[in-house]
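**Q** I'll drop the sequence and a predicted model, then ask my questions.
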Amino acid sequence: MSAVEELIRKANVLTEALPYIRAFFDKTVVIKYGGAAMENDALKASFAKDVTLLRFIGLRPVIVHGGGPQIGELLGRLGKKTEFVDGVRVTDQETMEVVEMVLGGQINGEIVSLIGESGGQAIGLTGKDAGGFLRVTRLLGAGGRDLGRVGAPDRVDVSLIRTLTKDGFIPVIAPIGVDAEGNTHNVNADTAAGAIAEALAAEKLILLTDVEGVLDDGKKLIHQMTEGEVRRAIHSGTVKGGMIPKLECAVHAMERGVTAAHIIDGRLPHALLLEIFTDVGVGTKLVRAKV
């Protein structure tokens, strides 16, 4: 390919993106950031650049990040055993202190720094900020099992987030919630992202995963699904394991005002841009059924 042909190819990519840039200008996009995209240095840098680009072309990205492997690693170094019940980390007071240290400090600060290096303006937050904008109630396990300081979102005050995005900042949120007594709780990042997207009435909720997206019985990617198709896929067993709570989170958000949800492979460089600004996309898009 000649130099001119390469320039033409790049121009065609921009032309394809133009309708989407226009459609999503000034719209809020909540991105749950986790998995391999948070652990590979090249992917971390790519993600930061992509989010910065979203902000510069007029979207309002809001990031909610996880950090389970990093929490587990530090707990291991401290000699603290971790217990999981139904995939949820049992969180006592000592574990909660580590959660706050890793999520609210180490990981949050790194993401903010990477976005700054890419030319963006990011501000790190936890649900404790602004008087506790992410309010939670204690989450119990099956049979009423006490999981400790694990919370389920109850109410989200997004006034601070709206102010920051209006002023051109990218909020980077650690999923730490506060109960009515002011006690901090560990919150599942997917769940927190969904609750924040609902409160913002976001245009999109995007969940980065370590798989291609939702696969059919033949292990082929399903590019688009309605809420009804999601429920049928779960009921039939087509969808299994960790994909089920992600889909349930996405459908729940759409039922409460989020326009569309996407489940995409965070291991793919520039997955965000490819999903939002191309005709086909690279993951699974969940949409409301036409009436």
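**A** Okay, I see it.
**Q** contacts and neighbour counts: CA atoms only from here.
**A** Noted.
**Q** The helix or strand where residue 63 lies - which strands sit beside it in the sheet, and in what orientation?
**A** With elements delineated by DSSP states H and E, residue 63 resides in strand 60-65, which encompasses its position. Using DSSP bridges, the strands paired with strand 60-65 in its sheet are strand 28-33 (parallel), strand 170-174 (parallel).
**Q** And the contacts of whichever helix or strand comes after that strand?
**A** Moving toward the C-terminus from strand 60-65, the next helix or strand (DSSP H and E) is helix 68-77. If you take CA atoms under 8 Å, 6 or more residues apart in numbering as the criterion, helix 68-77 is touched by 81-82, 95, 98-99, 102-103.
**Q** Looking at these, spot the one nearest residue 29.
**A** Minimum separation from residue 29 among the contacts of helix 68-77 (CA to CA) is found for residue 103, which lies at 21.1 Å.
**Q** Which one, of the strands paired with strand 60-65, ends up nearest to residue 229?
**A** Comparison of those against residue 229 by CA to CA identifies strand 28-33 as nearest, at 22.7 Å.
**Q** Report the mean per-residue pLDDT for that closest one.
**A** Strand 28-33 shows a mean pLDDT of 98.
**Q** Dump that strand to PDB, restricted to CA.
**A** Below are the C-alpha coordinates for strand 28-33, written out as PDB (Å, rounded to 0.1, in the frame of the first residue of the first chain):
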ATOM      1  CA  THR A  28     -22.600  10.300  28.500                       C
ATOM      2  CA  VAL A  29     -20.900   6.900  28.100                       C
ATOM      3  CA  VAL A  30     -20.200   4.900  31.200                       C
ATOM      4  CA  ILE A  31     -17.300   2.400  30.800                       C
ATOM      5  CA  LYS A  32     -16.600  -0.400  33.200                       C
ATOM      6  CA  TYR A  33     -12.800  -0.900  33.000                       C
END
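**Q** so how far is that strand off the chain centroid?
**A** Using CA atoms, centre = their mean, to the nearest Å, we find the averaged C-alpha position of strand 28-33 to lie 5 Å away from the chain's own average C-alpha position.
**Q** Any chance you could list what contacts it?
**A** With contact meaning CA under 8 Å, 6+ apart, strand 28-33 is reached by 59-66, 189-190, 193, 196-197, 200, 202-208.
**Q** what do you get for stretch 204-224?
**A** Applying CA under 8 Å, 6+ apart, the external contacts of stretch 204-224 come out as 28-37, 190, 193-194, 197, 238-239, 243, 246, 250, 253, 258-267, 280-287.
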